[in-house]
Each structure stands twice: as structure tokens, then as C-alpha cells.
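Peer 1: A structural model of the following input is requested.
(4 chains)
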Protein chains: 2
Amino acid sequence: MPPRERPAEYAILGLLATEESGSHGYDLARSFSEGEPLAEILRLEPGMLYHHLKRLERAGAVSQSTIQTGSRPPRQIYQLTESGRERLISWLQSPVEHTREIRLEFLVKLYFARQLAPDLAAKLIEMQLSTLRELRESLGQREPADPFLTSVTELRQSQTDAAIRWLESLQPV
Amino acid sequence: MPPRERPAEYAILGLLATEESGSHGYDLARSFSEGEPLAEILRLEPGMLYHHLKRLERAGAVSQSTIQTGSRPPRQIYQLTESGRERLISWLQSPVEHTREIRLEFLVKLYFARQLAPDLAAKLIEMQLSTLRELRESLGQREPADPFLTSVTELRQSQTDAAIRWLESLQPV
DNA sequence: AGAGCCATGTAAGAGGTTACATGATTAG
DNA sequence: CTAATCATGTAACCTCTTACATGGCTCT
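Peer 2: Below is the predicted model:
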């Protein structure tokens, strides 16, 4: 699981973190369907959901057990493992590096950080702020010759400024 | 070629639009390599570049001719067709629909619109502004019950506001 | 009786990344 | 003589999207 972002998988871990007794695919799918807050920031079709569950199981982040339900297809119950919980927590404690990742990755982190531990959310916001402030600093120091690249930099600065101001507005919570 | 964005293919068309006599893959690749302004907004490795060229040829947007260069592998010269030019122009005249597409798609449009025809760039900026203003309007009318969704909406509003202000700063040009 | 829910997936394909294959030529 | 440049690609591998397959059960 290590390589990249894959926010969907962490969202699954996040959902399982609040379900002591585990949960099955169809159940998790509901959290990603229309009307649910998560669906506003992250879309996840059944096909991919089941795919991610298999991957997480192979990676040891969740454990799987089968429950017969009579006539229906048997439920695959997934539970967060200790290793899975550690990965989740460590992910929730790392800010995203680019402004464009605020809209998806960071929002997912924030959503679960708030649910699992409010102080974790506060720390996350603080770290994200200092990351973006550093980024903003480095954008300010560029001096491109090309007028087009000047515009590009100005766009990035203004997007980053907006994200910083938004984060600051969250902070007093 | 119709379905989706694929800004890289339009960037190729854009480069060919300023080369009456056509250009070959290796040559185009230079425009996407480090130090070039395009590389700041769009990365394109050789593998994908050649792949796109084949697609564009199949779609009739470029025409291909082979030139023997003695010992080296023969150059494949690509030229923009009339149909290709029409697609490019029509693409340059359509604003992007979401704020997140400003950073890539819109910047590519702006880059080539400015090079090909300044009045086209002015029109593009104007249309993009009205699209984003409409979007901003609709974001302002939401009233989510959930405090988390309120934050999400505030983030989107602030990002859209920043993009609008940036576009306005471009306009007097 | 038919619609929609439960519950799991597979299949096909679009689109992209990274790395490598080839083989001559030119620059240091 | 070695490294980089020219010039074309292929191969393997991911990720995600969309659509469908299966088949019983529940509600109206």
C-alpha cells in the first residue's frame, strides 16, 4: 500500500475505524452514495470499492472473515487491523504537499480526523498551514522572465493564499 | 478524439499550429522538456507524445509524412490539417467548467490563444470569467445542514473567488 | 407480478507512468 | 573512447470508469 496517495483506501480505513465489529462492502458502499457527506468529495463505485478491499486485505491493513447469511451471497466482513490503524493515523497526521491536493486528499483527512479525534484535526490543520505557508513563500521568491510564467505563478499564489485563509478560518474550531 | 479533455493532444495541435511546415516527434518533445514554459504546466514523456501523435493522425487532426535522413531513423513529419485547426480553435474558445481545471486545461488554452490570436485570448478570458461567476453564484446558494459540508463549500467558494480575481487581473491585457 | 434492494464481483477498456530497446552520430 | 544527442517507439504495469452478471429477497 505504501506508494501513493489513494485517498479512497484511507477513506475505507477511516470508515472501518469507527466500526469496532467491522463492516462489509455493500455497507461501506452506502457511505459513498449520494446524499452522504463523503460522496461530496470522493466518488467510489462498487467495482473499485471491492477492489480496494482486496488490496487492503493483501496489505494487511484489514482482516477478512466470511459470514453466511442463508440464501444471499455471503458477507465478507472487514475489520481494521492494528497495522491498518497505524497507517491511518500516520496518514491523518501528514499534510498534503500541493495546493491542488487540498480539495480532495486534505478534505478526506480532515473529515476523519474530526471524527476520530478533534485534537488530531487541530494538529493536522496546523501542519497543513505551515506546509502551505512555506510553499507560498517559495512561490513569492520566483522571478520568471516570461510574462506567461508570471501569470502562472500569480495564479498559484492566489490559489494558495485562498487555501491558507480558509485553513485559518477553520482553526478556532 | 471527441470524448474528453486530453489537454496534451490540444497542446500538440497548438504547437503544430505555429509550424506551417510541420514538425516531428523529437522536435515537439523539446517543447515539453525542462526549461520550456509549457513544461511548467504540462508534463509529456516521449512515450505518450508518440502515442498522441498516432491518435491524432487516426482522428484526422494531423497528417503524417516520412522523411528519410540518411542513417538516422526516418523522421515522421506531422502537419495540422484543416480539421485539426478547427478543433483546436473550437477548443480554445470553450471555457473549462470547474475551478480545478483552471490550473491545467485553462492555462494551456490561454498559452496558445495568446500565441495564435490575442483577441481570441481576450474572448476566452471573458467566457471563462462568466462561467466561473455562474459557478460561484450556485455555490453561494447552497445551504448545507452539515458543518463539514459548510466548510467544503467555503473552500470551493474561496478557490473560485481567487480564480475569478486572477482572471480579472489578466483582462486589461 | 414486478420493482428495487441486498451483496458480491468480473470484464473491457481508457488513459497514464516508467523504463527500456535500438542504433547511428556527434561532442568532449 | 565515452557520453550525450538524435529519433523512434514498445512493454509492462497501474488506476479508474462503466457496464454488466448473478440470484435471491422484500415490498407494494
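Peer 1: distance check, residue A:5 against chain B.
Peer 2: The gap separating residue A:5 from chain B is 16 Å, by C-beta to the nearest C-beta, to the nearest Å. In short, each C-beta sits where N, CA and C put it, glycine included.
Peer 1: specify the local secondary structure of that residue.
Peer 2: coil (DSSP: H, G, I helix; E, B strand; the rest coil).
Peer 1: for it, which non-adjacent residue is closest in space?
Peer 2: residue A:105 (5.9 Å; C-beta to C-beta, 6 or more residues apart in numbering or on different chains).
Peer 1: for the one you found, what are its contacts?
Peer 2: By C-beta atoms under 8 Å, 6 or more residues apart in numbering or on different chains, residue A:105 lies in contact with A:5, A:7, A:96.
Peer 1: going through these, which ones are buried?
Peer 2: Among the contacts of residue A:105, the ones that count as buried by 16 or more other C-beta atoms under 10 Å in any protein chain shown are A:7, A:96.
Peer 1: out of the contacts of residue A:105, flag the one nearest to residue A:112.
Peer 2: residue A:7 (10.3 Å; C-beta to C-beta).
Peer 1: identify the residues contacting that closest one.
Peer 2: Contacts of residue A:7 by C-beta under 8 Å, 6+ apart are A:42, A:104-105, A:108.
Peer 1: just residue A:50 next, same as before
Peer 2: residue A:25.
Peer 1: quick one: neighbours of residue A:34, just the number.
Peer 2: For residue A:34, the count of nearby residues is 7 (other C-beta atoms under 10 Å in any protein chain shown).
Peer 1: helix, strand, or coil at it?
Peer 2: Residue A:34, by the three-state scheme (three-state DSSP), is coil.
Peer 1: distance-wise, check it relative to residue A:23.
Peer 2: 19 Å (C-beta to C-beta, to the nearest Å).
Peer 1: again with residue A:94
Peer 2: Relative to residue A:23, and taking C-beta to C-beta, residue A:94 is found at 25 Å.
Peer 1: so these two - more neighbours on which side?
Peer 2: residue A:23 (23 against 13).
Peer 1: against residue A:55, how distant is that one?
Peer 2: In terms of C-beta to C-beta, residue A:23 sits 16 Å off from residue A:55.
Peer 1: report the two of the contacts of residue A:7 separated the most.
Peer 2: A:42 and A:105 (9.6 Å).
Peer 1: tell me the contacts of the closest residue to residue A:164 other than its chain neighbours?
Peer 2: Once flanking residues are discounted, residue A:164 sits nearest to residue A:132: 5.2 Å by C-beta to C-beta, 6+ apart. When contacts are counted by C-beta under 8 Å, 6+ apart, residue A:132 touches A:95, A:99, A:160, A:163-164, A:167.
Peer 1: and residue A:132, which of the three is it?
Peer 2: Residue A:132 falls in the helix class when you classify it by three-state DSSP.
Peer 1: need the strands for chain A, in chain order.
Peer 2: Applying DSSP state E to chain A gives strands spanning A:23-24, A:62-69, A:72-80.
Peer 1: partners of the first one in the sheet?
Peer 2: So the one you mean is strand A:23-24. According to DSSP bridges, strand A:23-24 has the following sheet partners: strand A:72-80 (antiparallel).
Peer 1: how about the strand it pairs with and DNA strand D, touching?
Peer 2: Yes: with C-beta under 7 Å from any atom of the strand as the criterion, DNA strand D is reached by strand A:72-80 at A:72-73.
Peer 1: list the buried residues in that strand.
Peer 2: A:75-78, A:80.
Peer 1: residue contacts, the residue of chain A most remote from its centre?
Peer 2: In chain A, residue A:145 marks the outermost C-alpha relative to the chain mean, sitting 37.3 Å out by C-alpha atoms, centre = their mean. Counting by C-beta under 8 Å, 6+ apart, residue A:145 makes contact with nothing.
Peer 1: tell me the spacing between it and DNA strand D.
Peer 2: According to C-beta to the nearest atom of the strand, to the nearest Å, residue A:145 and DNA strand D sit 22 Å apart.
Peer 1: list phi and psi for that residue.
Peer 2: When read as degrees, to the nearest 10, the backbone of residue A:145 gives phi -70, psi -50.
Peer 1: what does residue A:22 give?
Peer 2: Residue torsions, per degrees, to the nearest 10, at residue A:22 are phi 80, psi 180.
Peer 1: ignoring the adjacent residues along the chain, who's closest to it?
Peer 2: Nearest to residue A:22 is residue A:79, by C-beta to C-beta, 6+ apart, at 3.7 Å.
Peer 1: the one you found contacts residue A:24, correct?
Peer 2: No: taking contacts as C-beta atoms under 8 Å, residue A:79 lies outside contact range of residue A:24: 10.4 Å.
Peer 1: what's the burial count for the closest residue to residue A:158 other than its chain neighbours?
Peer 2: Using C-beta to C-beta, 6+ apart and skipping residues adjacent in sequence, the residue nearest residue A:158 is residue B:162, 4.3 Å away. For residue B:162, the neighbour count with other C-beta under 10 Å is 22.
Peer 1: hang on, the earlier thing: would you turn the contacts of residue A:105 into TSV with pLDDT?
Peer 2: Listed next are the contacts of residue A:105 as TSV, based on pLDDT from 0 to 100:
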residue	pLDDT
A:5	77
A:7	96
A:96	96
